[in-house]
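Colleague: model this:
(3 chains)
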Amino acid sequence: MSEKLLVIEDLAVYYFTRADVIKAVDGVSIEMNKGEVLGLVGESGCGKSTLGYAIIRLIPSPGRIVSGRILFHGENLVEKSEEEMRDLRGRRISMIFQDPMTSLNPVMKIKDHIVETLMVHGYEDEQKALDRARELVEMLGIEPSRLEDYPHQLSGGMRQRIAIALAIALNPDLVIADEPTTALDVIVQAQILELLKDLRKKYNLSFVFITHDLGVAAELVDNVAVMYCGKIVEYASTDRLFAEPLHPYTRGLLRSVPNVLMKKWDLSPIPGTLPNPADPPPGCRFHPRCPHATDRCRREEPKLMDVGGTKVACFLYR
Amino acid sequence: MVVEGLKKYFEIRKSFLETLVSRKREFIKAVDGISFEVGKGEVLGLVGESGCGKTTTGRVILRLEEPTEGRAFFDDIDLFSLNGEELRKMRRRMQIIFQDPYASLNPRMKVGEIIAHPLKIHGLSEGREKDTVLEFLEMVGLTPAEDFYNSYPHQLSGGQRQRVAIARALVLHPEFIVADEPVSMLDVSVRATILDLMMKLKEKMGLTYLFITHDLATAKYVCNRVAVMYLGKIVEMGSIDRVFEEPLHPYTKALLSAIPIPDPTVKRERLVIGGEVPNPINPPPGCRFHPRCPFATERCKQEEPQLVEVEKGHKVACHLAA
Amino acid sequence: MEVERARVEEPPVGMVGLLLKRLRKPAYVGEYMVVAGLALLSVFLFLALFPDLVAPYDPIAIGLGPRLAPPNSQFIMGTDHLGRDVLSRVIWGARIALLVSTSAAVLSLVIGAPLGLVSGFLGGKLDRVLSLVMDSIYAFPSLVLAIAIAAVLGPGIANVAIAISVIYIPTYFRVVRGEVLVIREQLYVEAARAIGAKSPTIMRKYVLPNALPSMIVVFTLNVADAVLTEAGLSFLGLGIPPPTPDWGQDLQRGLEVVLSGSWHPIFFPGIMIVLLVLAFCLIGDGLGEVLNPRLREP
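Modeller: All right, here's what the predicted structure looks like:
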């Protein structure tokens, strides 16, 4: 058994607002190997982004990691000082954001973004850094002359390519991608997805890929964790999850997305609305919207259990 | 609804100095000469990527934006020649559902007032406004209606807000609805519910939809016909079955193959095209798609293809397909 | 068909209700500021409404005690150069200060806000002309302008209020116009147009209510400013004619005797002005923070 790249144990991240405590991530355990692409899938407010930000320890205030461990190469990131994390970020764990415009400084040239990132983490010679920057953007399908441009001169797709270049510039062990294709048009999204597939094949990159789009997840990721209201409700290999979804929420979600290849779309959406994460329902958090809910679901919270290779948190399977 | 040769240009505002230097006025050609028809009871999908002019088309038809050129008829009434008062009367028959339910509801009005306001403006169901509003709240699935009647938009979820927006649009018993990306801002599990509701209401109230969306998969399931737009032009138009089974324009093919399929067992040959949508100020000459088209010829660079019917009801603007 | 259950956690309330609810349990600096300001203001309101209940003596009675007596057990704040009780004058002065400053602010709100609303919403030539006029008033040093107008109109409560209101009209105009320029581009305004609403209806029901929060903030800050301006005018002899008790006027009389060692006739009216201005500033700045969601929690 190879050493795990990332192991998350019983992690809880809460936001402490004045009125409530929002349990954005509430007892999540998950692990991934090197070279794996792990998909975190769920709807808005399910805690998938918070989980991503927690790994790189960039949770926005007033959020805090309340309990649990994040083991990265066996080291617990939760206990690291801010100093140590700063050194880790970019070099060993990096991040790609949904909107690259917010992560790029509008008054800095593309060249300076990449060179600065490289220089902060060990490149001493500016010329060498510049060479590496050129190599990087070419690899991502951008003409090196574009390095002289400012972020606003680039199209959305090109900006996202630059963001990817920045994220992989230092050969990190883990890249966290938070909805990197959501803001893009379909054709550009397809281009970026193809690019990410290429890159992982070539460089054996490991990704945590956060998305609300099951179609995107199906294309790219190896394992999927479906989150609902701060919890993982189902966790399986992509093939298994799409072929045989077990949790009623996963099934509902899959029936909610249209598939262009299918003849008919059997519209059977999930009734009700997403629960308020500040005041989640007792027992299984999905029970108010679940067609199979029993009294037990209303009282007792199901734990993630192995059912023939799929991990699922539902009383239907025991 | 018949639209003929519709154009909408937006003038680019220049600074004072720039106008001194050059007299040339520049325009964004958001919609550049499109024609289509929507039959009664039909759902026509207007599909394309951002910046293709689909939203502008919907807004111009409803006169929320003044057209630059072209004509539009609804029930043989020339929409673009209506004056203020006639237009206000016409609004009863044509309504719009906006994309963003967080911005389309007045935050200082209660849900009840929001839905009652169209009735008041047009002097309908006087004295029984509240009953009508409650009836529509139930119809869009917001029950108990009495509770929602008195709440403010900020107390509702995105899906609930969009239901309010639908009720507001339908309370006047319109015949024609422009639905501008009505579900793209909503969560995945809520989208299907709202689409379902819209289709049920269509049957119940005999509506006609112009359904604007960037999502071909959604279009496939709600529309009867679809028009694909690229840079202000319609490049392909036809019945859902034909366009999805046998897309003729390379752009339609690329769009279709770019959609992610929520099924990892499906392996497809992708038609991946490079580049991004060019600037609509100076669109490429000839066929607007030619710089990105893998099959482009010399002719495509010079001559602009017209939208021609290649089989019954299936039109395409491409030199190669026609 | 499945239905969504109503999830109305809070009782349906408007802006005022929401504000009251928040202020009952303050947690943010802004909210504490509003509460503190309101507490301070209510003291002044009480003084202004029932001065006869609080004031020990007649504020205009001359020779109640010796001239310029320092604070003592009989006259807590001492007496002024005419032997009047400073405490009583200070208490009655609150009435004039509040009356003049609030009516001036109301007057300029009533004129400035609608102009800003119409100008911003309709735009065009009207907007250009109005903006030009308002900007020229705004560019003029405000106190100088108030002095000029007050000098023309002559002293008196109403005249002072009018003089002060003129200098604040451009403030409302600019603030409301700026808000309207943003609001009229909002989707809900377009939605109103799509249901066939006429411009006056849109302005009344869609634009105005959404511009209201910033108008309230500007109003409170303007009252604070108006208190100072009123005191200034009276200080210069252009305000409230004697013997009506007025802080500005008392400051001026106090100035004449402060050099001879009597500090109390100028100190206490001065303190009152500071406290009243502070009360309105606390409310205004606090409200600005509470009502502006961009500054609040994520």
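Colleague: Local confidence estimate at C:F280?
Modeller: As predicted, C:F280 sits at a pLDDT of 91.
Colleague: residues touching the spatially most central residue of chain A, list them.
Modeller: For chain A, the residue nearest the mean C-alpha position is A:I210 (2.6 Å; Cα atoms, centre = their mean). Residues near A:I210 by Cβ atoms under 8 Å, 6 or more residues apart in numbering or on different chains: A:G39, A:L40, A:K48, A:S49, A:L51, A:G52, A:I176, A:A177, A:D178, A:E179. C-beta coordinates here come from the backbone N, C-alpha and C atoms, glycine included.
Colleague: can you pick the most crowded of those?
Modeller: Comparing the contacts of A:I210 by number of neighbours (other Cβ atoms under 10 Å in any protein chain shown), A:K48 comes first, having 30 neighbours.
Colleague: if I look at it, how far off is C:L38?
Modeller: To C:L38, A:K48 is 43 Å away according to Cβ to Cβ, to the nearest Å.
Colleague: A:V115 touches A:Q127, doesn't it?
Modeller: No. Using Cβ atoms under 8 Å, A:V115 makes no contact with A:Q127, being 9.8 Å away.
Colleague: Which one of the two is surrounded by more residues?
Modeller: Using other Cβ under 10 Å as the criterion, A:V115 and A:Q127 rank with A:V115 on top: 22 against 9.
Colleague: Does anything pack onto the helix or strand harbouring that one? Which helices or strands?
Modeller: If you go by DSSP states H and E, A:V115 is part of helix A:110-120. For helix A:110-120, the contact count by 3 or more Cβ pairs under 8 Å, 6 or more residues apart in numbering or on different chains; DSSP states H and E identifies helix A:126-139, helix A:156-168 as packing neighbours.
Colleague: tell me the most buried of those?
Modeller: Of all the helices and strands packed on helix A:110-120, helix A:156-168 carries the top mean neighbour count, a mean of 23, counting by mean count of other Cβ atoms under 10 Å in any protein chain shown.
Colleague: Can it be said to contact chain B?
Modeller: Yes. Using Cβ under 8 Å from any Cβ of the partner chain, helix A:156-168 comes into contact with chain B via A:G156, A:G157, A:M158.
Colleague: On the C-terminal side of that helix, identify the next helix or strand.
Modeller: Heading C-terminal from helix A:156-168, the first helix or strand you meet, by DSSP H and E, is strand A:174-178.
Colleague: what comes up buried for the helix or strand hosting A:Y14?
Modeller: Per DSSP H and E: A:Y14 is located in strand A:6-16. For strand A:6-16, the neighbour count (16 or more other Cβ atoms under 10 Å in any protein chain shown) marks A:L6, A:V7, A:I8, A:E9, A:L11, A:A12, A:V13, A:Y14, A:Y15 as buried.
Colleague: which of those residues sit farthest apart?
Modeller: The largest separation in the buried residues of strand A:6-16, counting by Cβ to Cβ, is between A:V7 and A:Y15 at 24.1 Å.
Colleague: shaky segments in the stretch 201-318 of chain A?
Modeller: For the stretch 201-318 of chain A, the stretches with pLDDT under 70 are A:263-267.
Colleague: List phi and psi for the one residue in it that gets nearest to chain C.
Modeller: Closest contact between the stretch 201-318 of chain A and chain C, by Cβ to the nearest Cβ, is at A:P271 (3.7 Å). The phi/psi pair for A:P271 (degrees, to the nearest 10) reads phi -70, psi 170.
Colleague: now B:L44
Modeller: Main-chain torsions, B:L44, degrees, to the nearest 10: phi -100, psi 130.
Colleague: now swap in A:L261 and tell me
Modeller: Residue torsions, per degrees, to the nearest 10, at A:L261 are phi -80, psi -20.
Colleague: give the contact list for the nearest residue in space to it that is not next to it in sequence.
Modeller: With sequence-adjacent residues excluded and distances taken as Cβ to Cβ, 6 or more residues apart in numbering or on different chains, A:L261 is closest to B:I261, at 5.9 Å. B:I261 sits next to A:G215, A:A218, A:E219, A:N259, A:V260, A:L261, B:R268 when contact means Cβ under 8 Å, 6+ apart.
Colleague: Sort out which of those are in helices and list them.
Modeller: Counting by DSSP state H, those place A:G215, A:A218, A:E219 in helices.
Colleague: can you give me the helices in the chain?
Modeller: Unless you meant another one, I'm taking chain A. Using DSSP H, the helices of chain A run over A:48-55, A:82-88, A:100-103, A:110-120, A:126-139, A:156-168, A:186-203, A:214-220, A:238-243, A:248-256, A:295-299.
Colleague: wrong chain, I was asking about chain C
Modeller: For chain C, applying DSSP H gives helices covering C:15-24, C:29-49, C:51-54, C:86-122, C:124-139, C:142-153, C:157-183, C:187-194, C:199-202, C:208-235, C:247-258, C:264-291.
Colleague: now those helices in a markdown table, with mean neighbour count and distance to chain B?
Modeller: Below are the helices of chain C laid out as a markdown table (neighbours: other Cβ atoms under 10 Å in any protein chain shown; distance: least, Cβ to the nearest Cβ, whole Å):
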| stretch | mean neighbour count | distance to chain B |
| --- | --- | --- |
| helix C:15-24 | 13 | 7 |
| helix C:29-49 | 17 | 19 |
| helix C:51-54 | 13 | 39 |
| helix C:86-122 | 22 | 14 |
| helix C:124-139 | 13 | 15 |
| helix C:142-153 | 16 | 31 |
| helix C:157-183 | 22 | 10 |
| helix C:187-194 | 23 | 4 |
| helix C:199-202 | 14 | 7 |
| helix C:208-235 | 23 | 4 |
| helix C:247-258 | 20 | 39 |
| helix C:264-291 | 21 | 12 |
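Colleague: can you tell which of those helices is closest to A:A190?
Modeller: Per Cβ to Cβ, nearest to A:A190 of the helices of chain C: helix C:187-194, 30.1 Å.
Colleague: pLDDT averaged over the closest one - what is it?
Modeller: Helix C:187-194 carries an average pLDDT of 92.
Colleague: Please list the outside residues in contact with that helix.
Modeller: Under the contact criterion Cβ under 8 Å, 6+ apart, helix C:187-194 has outside partners B:62, B:64, B:91, B:95-96, B:98, B:100, B:103-107, B:117, B:165, B:168, C:183, C:201-202, C:205-207.
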